[in-house]
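Predicted structure and sequence below. I'll ask about it afterward.
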Amino acid sequence: MKLYTECFWDDWDRIVDIYCEKGEQIPDYINDDTTYKIFVLEKGSMGLDINGKSYTVKGPALILLSDTDVLKAKIMEAIKAQFIFFNPETIRDEFTFDRIKAHEFDDRIGTIIYQDYVLILPFVDETVCEKVISISLNGLERIKNIIKSLDGQLKSQSDGFWPCRSRSFLMELLYFINYTYVIFTAPDENEESSTRDIGFSEIVEYLNEHIAESINLDRLTKRFLINRNKLNEIFMKESSMTCMNYLLKLRLDLAKVMLTNTEIPIGEVSNRVGFEDPNYFAKVFKKHIGMSPKSYRKN
């Protein structure tokens, strides 16, 4: 089975190591050892065994599998699912399986390479998160929309940007999964989970689900029935920044990922991270990152 996408342009011999599939059965090649897998269980339930560990999973849920994971499944209630197969070198050429398994990137905190490495941490480090992650219905819709855009690029190949644009949607999907369900919302091992403010993870999930939209404090206070002071108190406690500054950080971090790893127009990057005006995006980016989006991409 070819778990990649070939370019069908006559004069362009190109392969993108991403493959999308949907169905009501789990593919026979789910344990392929040349790809990472994102298994989106939209509905239904299953009994899973992953590397000898048992799970009972009910949709909506995510199952994240590495090249070495072995999954065995028994469908208990009819499922509807989507599957993304990708090679980590799609994110960066440096991310070969050999170099990842040699832990070459673990100490690169603060570098652009580590910024990208974080996107694949759930597949690399079993201590980061469980293989199975429950998600909300809103989170499922966000994931489905990103996959729809990704699959559309792979199938239509409408212009010369389709390879990097499809990669950008894969990175956006990984970013959403990490920054909604894994990294920023993961409990501190040294902190009792009951002492954390539940509102924080709920609001972070909402911010990531709607990152491309116009979000202000009024919208958030009405959505969560909370006043501005309490909202910022929650974010200062958990992140040492206000809610809107936290949202700005999410947007700029996603923009940096897209600028570093793709050649899609800066105006498109701006729109996808929630800035309608590319000029304003460039101004804000330069203020906080220290250089323009164009210079950041070049450097």
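Yep, that arrived. Please read these numbers as outputs of a predicted model, since none were measured by experiment.

contacts and neighbour counts: CA atoms only from here.
OK.

Now do the contacts for the residue sitting nearest the centre point of the chain.
The centroid of the chain falls nearest to residue 174 when counting by C-alpha atoms, centre = their mean (1.9 Å). Contact analysis of residue 174 by C-alpha atoms under 8 Å, 6 or more residues apart in numbering lists 119-120.

7 Å instead, please
residue 119 (C-alpha atoms under 7 Å, 6 or more residues apart in numbering).

try residue 79
Residues in contact with residue 79 (C-alpha under 7 Å, 6+ apart) are 24, 43-45.

returning to what we had before: what about the residue nearest to the centre of the chain, distance to residue 19?
As for residue 174, its distance to residue 19 is 15 Å (criterion: C-alpha to C-alpha, to the nearest Å).

again with residue 8
For residue 8, the distance to residue 19 - C-alpha to C-alpha - is 15 Å.

what about the two, which has more around it?
Comparing residue 8 with residue 19 by other C-alpha atoms under 10 Å, the one with more neighbours is residue 19, at 20 against 13.

where does residue 80 fall, helix, sheet strand or coil?
Look at residue 80: counting by DSSP: H, G, I helix; E, B strand; the rest coil, its state is strand.

correct me, but it touches residue 46?
No. At 11.2 Å, residue 80 and residue 46 do not qualify as touching, with contact defined as C-alpha atoms under 7 Å.

so residue 281 is in which element?
helix 278-289 (DSSP states H and E).

which SS state does residue 69 fall under?
coil.

residues in contact with stretch 266-285?
Contacts for stretch 266-285 (C-alpha under 7 Å, 6+ apart): 211-214, 251-252, 254-255, 258, 292-293.

Report the buried members of the residues you listed.
For the contacts of stretch 266-285, a neighbour count by 16 or more other C-alpha atoms under 10 Å gives the buried set as 211-212, 251-252, 254-255, 258, 292-293.

Do a quick rundown of the helices in the stretch 101-250 of the chain.
Ranges of helices in the stretch 101-250 of the chain, per DSSP state H, counting those that start in this stretch, are 112-117, 121-124, 137-156, 162-177, 198-209, 217-224, 228-239, 243-261.
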